[in-house]
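Colleague: Let's see this in three dimensions:
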Amino acid sequence: MAKLTRKEVEHIAKLSRIELTKEEVEKFRRELSSILDYVEKLKEVDTEKIGPTFQVTGVKNVFRPDEIEKSLEREKLLDNAPDKDDGYLKVKKVFN
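Modeller: Got it, this is the predicted structure:
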């Protein structure tokens, strides 16, 4: 059984920038040790003949061909624009 020490848990908490009480350190020491034990168990499973799993829901990406379509004429677009300047759409600035 992989037992973490209090010092190791406190170090992990410091790296995570988490403040823990003494009770929480003990609680997480037990819980993290249990997780590490489970990971060790998983290492015993033979996965040599099992391929990687990328998608488990069966959903597939549907691609469509790119097509150039006729767009709105510049004059019509500018006629409908709330604010324009010298043949361009005028928008609020994004960066200061």
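Colleague: So residue 20 sits against residue 10, correct?
Modeller: Yes. With contacts counted by Cβ atoms under 8 Å, residue 20 reaches residue 10, the gap being 7.2 Å. C-betas here are computed from N, CA, C, even on glycine.
Colleague: In this protein, where is pLDDT below threshold?
Modeller: Within the chain, the ranges that satisfy pLDDT under 70 run 1-2.
Colleague: ranges for the strands of it?
Modeller: For the chain, the strands defined by DSSP state E cover 84-85, 88-89.
Colleague: partners of the last one, with directions?
Modeller: Just to be clear, that refers to strand 88-89. Paired with strand 88-89 in the same sheet, following DSSP bridges, are strand 84-85 (antiparallel).
Colleague: contact partners of the strand it pairs with?
Modeller: With contact meaning Cβ atoms under 8 Å, 6 or more residues apart in numbering, strand 84-85 is reached by 78, 90.
Colleague: Next: stretch 65-81.
Modeller: Residues outside stretch 65-81 that contact it (Cβ under 8 Å, 6+ apart) are 84, 87, 89, 90.
Colleague: Now the two most distant members of those residues.
Modeller: Using Cβ to Cβ, the two most remote members of the contacts of stretch 65-81 are 87 and 90, lying 10.6 Å apart.
Colleague: before we move on, the earlier item: any chance of the strands of the chain in JSON lines with mean neighbour count and distance to residue 15 as columns?
Modeller: As requested, the strands of the chain are arranged in JSON lines below (neighbours: other Cβ atoms under 10 Å; distance: least, Cβ to Cβ, whole Å):
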{"stretch": "strand 84-85", "mean neighbour count": "10", "distance to residue 15": "53"}
{"stretch": "strand 88-89", "mean neighbour count": "11", "distance to residue 15": "49"}
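Colleague: need these in CSV with distance to residue 59, can you?
Modeller: Formatted as CSV, the strands of the chain follow (distance: least, Cβ to Cβ, whole Å):
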stretch, distance to residue 59
strand 84-85, 43
strand 88-89, 37
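Colleague: give the contact list for residue 6.
Modeller: Applying Cβ under 8 Å, 6+ apart, the residues contacting residue 6 are 25, 26, 29.
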